[in-house]
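[1] Curious how this folds, go ahead:
(chains A and B)
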Number of protein chains: 2
Amino acid sequence: MDNSKSQVVGQSKISWLINKTNEDWINLAISNPMEILLDHAHCERKAAGVALQLMFRYVSEPGLSEVLSPLAREELEHFERVLSILNARGEKLKKLASPPYGAILAKNIRKDEPLRMLDSFLVAGLIEARSHERMQLLSIHSPDIELSNLYADLLKSEARHFGIYWKLADERFERNDLTSRLQELARVESDALVNMHDKPRMHS
Amino acid sequence: MDNSKSQVVGQSKISWLINKTNEDWINLAISNPMEILLDHAHCERKAAGVALQLMFRYVSEPGLSEVLSPLAREELEHFERVLSILNARGEKLKKLASPPYGAILAKNIRKDEPLRMLDSFLVAGLIEARSHERMQLLSIHSPDIELSNLYADLLKSEARHFGIYWKLADERFERNDLTSRLQELARVESDALVNMHDKPRMHS
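    Predicted coordinates:
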């Protein structure tokens, strides 16, 4: 299994994730399946929110809504699926304190356009790539068959998402600017996970 | 055709719209089909945004995300459908100055909870009811067969949306508070359309 979430782009292979998730996270997650499931529901909801926010911010950007609207719908569909399993198990959707991960990445999005757009795509892609890596780990290591199957199923469509954000960036920015900025942000992303958050979260 | 967007709730019939849309609006809309179509794309996008915003604001509210997430997906699906017709006709999605309608209604949402929640549901329901009324008019009066069919098709699922917002409110608030507040907001809604906005919009 290749956990670096690479994708082949023309002649080059793009790697999103610098560090692979370690066993400590897997153990924490597997020992707290319902909290991870609840957090995953929030991740899907927030991923839909990010796509919609970009559609609102860049409303006149040609070709953007055409790909982000179906992506948002897919995230919402996943959200509903996770929510129905939560409900079936007697759990309610409720607030969950976020780990610092998302805020650290958001802080690294530059303020001026078009750099803000570039960074927004790359940060969204990085979060998708990490979610995908961890869902894959959950699908393999979860002893709960229903949850293992759930993560395996969601993975199939999630796999495309970081590719969508890459493509959105690649169509609009110089390849060199793109890859060097991705390297910087991928470092931020991996560093944000070095000290594992004490609460079980998708991005602890 | 009943343009008051009534629905039967138990023994009572709830009317959302106080004033019916007049012929001036129909003529303005029919004479500017592409601008109305573009504005309609924005309406669908914004309707998805409202549903998602409520899901984010009231994340722990039992039974709310379960109905608003599918509603948001449906709005996005409609948005994509309208967008594909725009694109097929050589039009791009671009910003369009909004009529004052939405801002007038938003200003009437009270700030303190739980009144804010009640008003948010009712305002969302009122906008859905008006959109539905006008889409029905467009489906009847549009001489462009593709557009007439589009509006007729979208209507079928849009018809449920104001019912969803009514139900969200009715499950959480006293029926008397609900109906008296709906009357007040329905007055605001109808008054906001008395002086027709000079630009062709769904809510001119």
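[2] Give the closest residue to A:Trp16 in space, chain neighbours not counted.
    A:Ala129 (3.8 Å; Cβ to Cβ, 6 or more residues apart in numbering or on different chains). Glycine gets a C-beta too; all of them are placed from N, C-alpha and C.
[3] repeat for A:Leu83
    Taking Cβ to Cβ, 6+ apart, and ignoring the residues beside it in sequence, A:Leu83 has A:Ala41 as its nearest neighbour in space, at 5.5 Å.
[4] Tell me how far that neighbour lies from A:Leu193.
    A:Ala41 sits 21 Å away from A:Leu193, going by Cβ to Cβ, to the nearest Å.
[5] what does A:Gly125 give?
    16 Å.
[6] the more surrounded of these two?
    Neighbour totals were compared for A:Gly125 and A:Leu193, and A:Gly125 leads with 27 against 21 (other Cβ atoms under 10 Å in any protein chain shown).
[7] and that one, that one's in a helix?
    Yes. When the secondary structure is assigned by DSSP: H, G, I helix; E, B strand; the rest coil, A:Gly125 falls within a helix.
[8] Please name the residues that touch it.
    Neighbouring residues of A:Gly125 by Cβ atoms under 8 Å, 6 or more residues apart in numbering or on different chains: A:16, A:161-162, A:165-166, A:169.
[9] Same question for A:Leu52.
    A:68, A:72, B:48-49, B:52.
[10] Next secondary structure after the helix or strand hosting it?
    With elements taken from DSSP states H and E, the one containing A:Leu52 is helix A:33-57. Next in sequence after helix A:33-57, counting helices and strands by DSSP H and E, comes helix A:65-88.
[11] List the buried residues of that next one.
    Counting neighbours by 16 or more other Cβ atoms under 10 Å in any protein chain shown, one finds that the buried residues in helix A:65-88 are A:65, A:67-69, A:71-80, A:82-83, A:85-86.
[12] Spell out which residues of chain A are next to chain B.
    Within reach of chain B by Cβ under 8 Å from any Cβ of the partner chain, chain A has these residues: A:42, A:45, A:48-49, A:52, A:55-56, A:59-60, A:62, A:65-66, A:69-70, A:72-73, A:76-77, A:79-80, A:83, A:87, A:92-95.
[13] Give me the nearest residue to A:Pro143, chain neighbours excluded.
    Leaving out its chain neighbours, the residue that sits closest to A:Pro143 by Cβ to Cβ, 6+ apart is A:Ile30, at 7.0 Å.
[14] and the angle from the helix holding A:Leu52 to helix B:65-88?
    Using axes from the mean of the first three to the mean of the last three Cα atoms, to 10 degrees, the direction of helix A:33-57 lies 30 degrees away from that of helix B:65-88.
[15] For helix A:33-57, what does the pLDDT average out to?
    The pLDDT scores in helix A:33-57 average 96.
[16] any idea how far the residue lying closest to A:Pro200 once chain neighbours are set aside is from A:Leu38?
    Distance criterion Cβ to Cβ, 6+ apart; nearest residue to A:Pro200, sequence neighbours excluded, is A:Asn32 at 3.8 Å. When distances are taken as Cβ to Cβ, A:Asn32 and A:Leu38 turn out to be 10 Å apart.
[17] If you count surrounding residues, which of these two has more?
    Set side by side, A:Asn32 and A:Leu38 give different neighbour counts by other Cβ under 10 Å, the larger being at A:Leu38 (22 against 16).
[18] For that one, give its distance to A:Phe79.
    For A:Leu38, the distance to A:Phe79 equals 12 Å [Cβ to Cβ].
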